[in-house]
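>>> fold the following.
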Amino acid sequence: MNKRGQALVEFVIILPFLILLVFAFIDFGRIIMAKTHLENTMNEVVKVSDENINDLLNEDADYKIKYEVIYDKYRKITLKTKLDLITPGLKNILHNPYEVKVERSVLYE
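You can find the predicted model right below:
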């Protein structure tokens, strides 16, 4: 019996699943990076005044901002961006393009 041939057949059977797994790890890493980037941008947005928020975000066209007043003193700020996935199976599960969203409620006085 040829052991090398058997190992080759097993490797060829497992290879597509291994490739999908690697691409899924890459996609989840990209999602985490995008979320972290939005969180860092949100930290800058919260510090500026109401009038300057759109000026800050117009520099980078990737983001969409939603800004609404909750009660009198609270503002709810939402940043969104879309991320294209590369893994074939993950595209169906997470709906391509995947929307990464960060929300924060802030007290303005």
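
>>> SS state for Glu10?
Here Glu10 is recorded as helix under DSSP: H, G, I helix; E, B strand; the rest coil.

>>> so that it lines up with my notes, have the first residue be 893 from now on.
Noted, 893 is the first residue going forward, which turns the last one into Glu902.

>>> host element of the residue positioned nearest the centre of the chain?
Closest to where the C-alpha atoms of the chain average out (Cα atoms, centre = their mean) is Ile923, at 3.4 Å. Secondary structure from DSSP states H and E places Ile923 in helix 895-939.

>>> next secondary structure after whichever helix or strand Ile985 is part of?
Secondary structure assignment for Ile985, by DSSP H and E: helix 980-986. Proceeding N to C from helix 980-986, the next assigned helix or strand is strand 990-999, under DSSP H and E.

>>> buried set for that following strand?
The neighbour-count check on strand 990-999 (16 or more other Cβ atoms under 10 Å) flags Tyr990, Val992, Val994 as buried. (C-beta placed from N, C-alpha, C; glycine too.)

>>> and stretch 956-965, what's buried?
Within stretch 956-965, the residues scored as buried using 16+ other Cβ under 10 Å are Ile957.
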